[in-house]
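**Q** sequence and predicted structure below; questions after.
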Amino acid sequence: MRIPVTLLAAIAALTAAPILAQSPAPAPTSLTLAAAVRLGRERAIGAALARLGVHAADLRASEQTGRLFPTLDADGSYSRQTNNLATFGIALPGFPVVTPDFNLYALGARASQVLFDGSLFNRIAAARDSTGAARNDARSAADQAGAAAGLAYLRVLSAEETVKAREADSAGAADLLFQAQQLRAAGVSPAIDVTRAEVNASAVRTQLLVARSTADRARIELAQTLDLRPDTTLALADSLGGGALTIPITADSAVAYALAHRPEAAAEQERSRVALLSRRATLWEGLPTLGLFGSYDYVGTATDNMNGTYQVGIKASVPIFDGFRRQRRYAESGDRVDAQALREHALLQQVEVDARSAVLDLQSARDQVALASERLGLAEQELSQSEERFKAGVAGSVETSNSQASLIQARDAYIQAKVNFATARLRTYRALGALDQMP
């Protein structure tokens, strides 16, 4: 029998679908800082675990809400039995005390519906707030993972900037060595100048090798942070220059923004509401509850000889005394409310400290970039002047070597200042709860 080509294609598609679904998403060829933060928030293990926690909290809340719906049960049974009439206080002259055995068929249904239960209503509200707290915890975990990804991205940028600086230093050292050799050949400078230039060029080449190794290692760590293969090739699209700020950067406005947007603050406030609602639920356990109930039974000694009975009613339940257990739980819940209030106070205070510190660090880092840029310009000017003096034969290689060492330090300081500013920018967005809005 020939199988149609379309059927073969359909089978191939069905068998390939699971494999395609399990394959990892392709890595981006061009990556910005904002994209790295977003990938970190989405792909990090901690963020994924937190999202699973949100799902579990949703299910727990749904379970509590389900108690508001009617409860329905059905049962059926068959038995072969006898009855002792004395059990029912029946004694008939001439009749045996124990009845002959007989069949009994029974079908039944039961239903109940909560009308009023103050404790249940408060527990449902507490479960919903617990879900909100879990969502904010998940967002906080995602922000933490995103910030870690952003820092890994900045480490790669820093390492690549250092490689470029060492390449420029290596080219400058090679040029100074060539000049020293030329002057030595012309009999203008001593051999020691050539030796010093060679030592300096060798040192700079060593620093270049170290910088390249550091950059390669930083790229591997970035791929790991983003849950990508270590050999993934990523083209970083941003620079250490930083971008525009879309958040408040004055202390008071930053604090107000952080208190309104930090997921940790929202989560702690929702946990405080959960503690209050749980305590209120314990209090309401001492109040009456009201509900409907009903049942229907279909019973007979044969399937063609069965009769139905029903029962419908309303039930009120009033707790009176349970050995003071409820009062003890209420007192314990008060302690939990007080403890949660302390945690919330400490967390909100920490949020304010984080916001104020982030704004201070951001301004300080910006000033450091300006000073480091000025220092770099002066170091370049110093090296240029020392090269001119060396060419003119009025200064030796010591002066040029010192000038180049100063330039290397100035370049490193400038790179570090830009890294500090980019890091402070990233941490400010994190401290204000706006990491997902970073451009």
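**A** Perfect, I can see it now.
**Q** so which strand or helix has the residue of the chain most remote from its centre?
**A** Distance from the C-alpha centroid of the chain peaks at residue 94, with 82.5 Å (CA atoms, centre = their mean). Per DSSP states H and E: residue 94 is located in neither a helix nor a strand.
**Q** helices of the stretch 251-400 of the chain, residue ranges please.
**A** 251-261, 263-284, 325-392, 397-431 (DSSP state H, counting those that start in this stretch).
**Q** where in this structure is pLDDT low?
**A** Counting by pLDDT under 70, the ranges of the chain that qualify are 1-29, 242.
**Q** quick one: the helices of the stretch 251-400 of the chain as JSON lines, columns for mean neighbour count and distance to residue 73 too.
**A** No exception for glycine: its C-beta is placed from N, CA and C like everyone else's. Shown next, in JSON lines, are the helices of the stretch 251-400 of the chain (neighbours: other CB atoms under 10 Å; distance: least, CB to CB, whole Å):
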{"stretch": "helix 251-261", "mean neighbour count": "18", "distance to residue 73": "48"}
{"stretch": "helix 263-284", "mean neighbour count": "20", "distance to residue 73": "26"}
{"stretch": "helix 325-392", "mean neighbour count": "16", "distance to residue 73": "28"}
{"stretch": "helix 397-431", "mean neighbour count": "22", "distance to residue 73": "52"}
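**Q** buried residues in stretch 206-217?
**A** Neighbour-count burial for stretch 206-217, counted by 16 or more other CB atoms under 10 Å, picks out 207, 208, 211, 212, 214, 215.
**Q** dump those residues into CSV; add distance to residue 333 and secondary structure as well.
**A** Converted to CSV, the buried residues of stretch 206-217 look like this (distance: CB to CB, whole Å; DSSP: H, G, I helix; E, B strand; the rest coil):
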residue, distance to residue 333, secondary structure
207, 63, helix
208, 65, helix
211, 60, helix
212, 61, helix
214, 55, helix
215, 56, helix
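**Q** who's in contact with residue 259?
**A** 265, 348, 351, 352 (CB atoms under 8 Å, 6 or more residues apart in numbering).
**Q** one more pass at 10 Å, please.
**A** When contacts are counted by CB atoms under 10 Å, 6 or more residues apart in numbering, residue 259 touches 265, 266, 269, 348, 351, 352, 355, 432, 433.
**Q** residue 144: which of these is nearest?
**A** Taking CB to CB as the measure, residue 144 sits nearest to residue 433 out of these, at 11.9 Å.
**Q** residue 356 versus that closest one, what's the distance?
**A** 14 Å (CB to CB, to the nearest Å).
**Q** wait, doesn't residue 179 sit right on residue 391?
**A** Yes - with contacts counted by CB atoms under 10 Å, residue 179 reaches residue 391, the gap being 6.4 Å.
**Q** ok, the spatially closest residue to residue 426 that is not a sequence neighbour to residue 438 distance?
**A** Of all residues not flanking residue 426 in the chain, residue 150 sits nearest, at 4.6 Å (CB to CB, 6 or more residues apart in numbering). For residue 150, the distance to residue 438 (CB to CB) stands at 8 Å.
**Q** what touches both of those two?
**A** With CB under 10 Å, 6+ apart, residue 150 and residue 438 have common neighbours 33, 34, 37, 38, 425, 426, 429, 430.
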